[in-house]
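Asker: Have a look; sequence and predicted model below, questions after that.
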Amino acid sequence: MSVVGPDGIGDTARMRLLAPAVLAVVASAVACSSSGETASPSPADSAVDAVTGDADGGGEVGGDAETGDPKDSTCTALAQAECKTFEECNRAILEVQYGTIENCRARRKINCLGSAAAPGSGWSLANVEACIKSKATQTCMQSAHGPHAPECTPTGSLEMGAPCGFGIQCKSGNCVVASGACGTCGSPAKALGETCSGFECVSGLFCVASKCTAAAGTGEACAPDKPCWIGATCVAGTCVAKAKKGESCATLPCDGRLAFSCDETSKVCVDFTFAKTGEACGPPSCKGDICRPTSDAGTAGTCVARLPDGAACDASNICQQAAVCSGSKCTPFDATICKGG
C-alpha cells in the first residue's frame, strides 16, 4: 500500500527540502520504540511528516514603530506565529532548520517579505492578518493537518507552467520545485477523497492507497488506510498519543516532532541530542547547521554552519534558510530570479 504523508506548508518543494534534515530526529524517536507490545508505526512517523505545521499562534499586527511599513510589521507578526508553532508543535524543525527561535523569526520574516514581493503574488495585509488570527486558536493537529483557513492559503495570478518560487504566486497555489529554489506553477493540490500518487494532496492530508485521506486524531480509530496524525501512533486500531519527555518508550515511540528520543538504557523519552558545529552528524542531526557528508558513499559527516547573508558561497549552498547562493553570495531569496526556459 502506498502511503505518503502531508508535505507541510503548501509550498510543495520548499518544504520538501526540510525532510532530509529532520530524518535523523524522527527516525531516532521511532527506532527507539520497543518491539514488545506492538504500536503500529503511522505514516506520520516519516521525515516528511516532521515538517508539517505552518503558521500558528498569535501575534499583534499593525504599523511598525521604526519603518511605519505595515507589511514589515505584519510579516514580523506572522514569523512570530510560525515560530511559536514550531516551538510548541514541531520543535524538531525549529532545532534542525533554525537552531534558535530568534533565528527562526528572522528567517521566516524574510520568507514572508519575499513571498509578498514575488511576481503575481496573492499576498495581502488583510489575508495575513486574518490568517494570524485564525491560527491563534488552532491545535497542533489542526496546524499540521488542517483544515486551514482560506486566508492562510491565498493564490496568485501566474498560470500553469510559469516560473515561480512560492506557491502564493500561482493560480493553483502550487509551485513545484524539482531542485534548487525555482520551479513552475503546477496543478492544484488534490482535495480530500481525490486520487493521488504522491505529494499531490492538500497540505495536511495523506496519500493512502492512491486517495487523499485525512488523519485520525488521538483517541480515534485508525487502520492502514486511516493513519494517525503526527502526534499519535496506531495501537490496536486506536490512535494513541506518542510518548513525551519523561514517559516510557518501552511500547510507544517518542514524539519525534517535539525532538524527543528514547534512551535505550532507561526506556524513557529524553530530549534529542543535536550535534553542534564541527561535531559528527548523520545521525545525530545538526542544530541549525548543515550535515556535510565526508564522502559520497553515505550520510555521515560533520556539522557545518550555515553562511550568513552576504557571505561568499559556492555550489554546496549552505546559506541560511530563506536565502540562496546567487552570484557567489548568500542572498535572501528573490523570486524574480526565477525565469522560464
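Answerer: Structure received.

Asker: tally of neighbours for Thr137?
Answerer: Residue crowding around Thr137 was assessed by other CB atoms under 10 Å; the count is 10. Quick note: C-beta positions are derived from backbone N, CA and C, even for glycine.

Asker: How about stretch 329-336, which residues are buried there?
Answerer: Buried residues in stretch 329-336, counted by 16 or more other CB atoms under 10 Å: Cys330, Thr331, Pro332, Phe333, Ala335.

Asker: Stretch 147-163 too?
Answerer: Within stretch 147-163, the residues that qualify as buried by neighbour count (16+ other CB under 10 Å) are His148, Glu151, Cys152, Thr153, Pro154, Thr155, Gly156, Leu158, Ala162, Pro163.

Asker: Please list all residues in contact with the fifth one.
Answerer: Translated: Pro154. Gly122, Trp123, Ser124, Asn127, Ile168, Gly173 (CB atoms under 8 Å, 6 or more residues apart in numbering).

Asker: Which secondary structure state does the fifth one sit in?
Answerer: By that I understand Ile168. helix (DSSP: H, G, I helix; E, B strand; the rest coil).

Asker: Verify the contact between it and Ala117 for me.
Answerer: No - applying CB atoms under 8 Å, one finds Ile168 not in contact with Ala117, separated by 10.9 Å.

Asker: sorry, back to before: will you turn the buried residues of stretch 147-163 into CSV that also has secondary structure and pLDDT?
Answerer: Formatted as CSV, those follow (DSSP: H, G, I helix; E, B strand; the rest coil; pLDDT from 0 to 100):
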residue, secondary structure, pLDDT
His148, coil, 87
Glu151, helix, 91
Cys152, helix, 90
Thr153, coil, 91
Pro154, coil, 94
Thr155, coil, 96
Gly156, coil, 98
Leu158, strand, 98
Ala162, coil, 97
Pro163, strand, 97
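
Asker: Go through those residues and say which is closest to Ala214.
Answerer: The nearest member of the buried residues of stretch 147-163 to Ala214, counting by CB to CB, is His148 at 12.6 Å.

Asker: Thought Ala189 was touching that closest one, still the case?
Answerer: No - at 11.2 Å, His148 and Ala189 do not qualify as touching, with contact defined as CB under 8 Å.

Asker: just for the stretch 151-300 of the chain, where's the confidence low?
Answerer: Within the stretch 151-300 of the chain, no range satisfies pLDDT under 70.

Asker: so where do the strands sit in it?
Answerer: Taking DSSP state E, counting those that start in this stretch as the criterion, the stretch 151-300 of the chain contains strands spanning 163-164, 175-176, 183-185, 206-208, 211-213, 232-235, 238-241, 260-263, 268-271, 280-281, 290-293.

Asker: Show me what the third one packs onto, helices and strands only.
Answerer: Contacting strand 183-185 under the criterion 3 or more CB pairs under 8 Å, 6 or more residues apart in numbering; DSSP states H and E are the following elements: strand 163-164, strand 175-176.

Asker: and what of the fourth one?
Answerer: The elements that strand 206-208 packs onto, with contact taken as 3+ CB pairs under 8 Å, 6+ apart, are strand 3-4, strand 211-213.

Asker: Relative to Pro284, which of the helices and strands packed on strand 183-185 is closest?
Answerer: Going by CB to CB, the one of these nearest Pro284 is strand 175-176, 31.5 Å.

Asker: Please state the offset of the closest one from the chain centre?
Answerer: Relative to its chain's centre, strand 175-176 lies at 15 Å (CA atoms, centre = their mean, to the nearest Å).

Asker: got it, and stretch 305-323?
Answerer: On CA atoms, centre = their mean, the centre of stretch 305-323 falls 20 Å from the chain's centre.

Asker: ok, now stretch 290-305?
Answerer: How far stretch 290-305 lies from its chain's middle: 22 Å, per CA atoms, centre = their mean.

Asker: Contacts for stretch 214-225 next, please.
Answerer: Contact with stretch 214-225 is made by 1, 3, 6, 40, 42, 44, 141, 144-145, 192, 204-206, 208-209, 211, 213, 226-232, 234, 237-241, as judged by CB under 8 Å, 6+ apart.

Asker: returning to that earlier point: so of the contacts of Pro154, which two are at opposite extremes in space?
Answerer: Pairwise distances across these peak at 14.5 Å for Ser124 and Gly173 (criterion: CB to CB).

Asker: So for these two, which residue has more residues nearby?
Answerer: Neighbour comparison, Ser124 and Gly173: the larger count goes to Gly173, with 23 against 14 (by other CB under 10 Å).

Asker: need the contact list for the closest residue to the more buried one other than its chain neighbours.
Answerer: Residue nearest to Gly173 in three dimensions, not counting chain neighbours: Thr155, with 4.3 Å by CB to CB, 6 or more residues apart in numbering. Thr155 is in contact with Gly122, Gly167, Ile168, Cys170, Lys171, Ser172, Gly173, counting by CB under 8 Å, 6+ apart.
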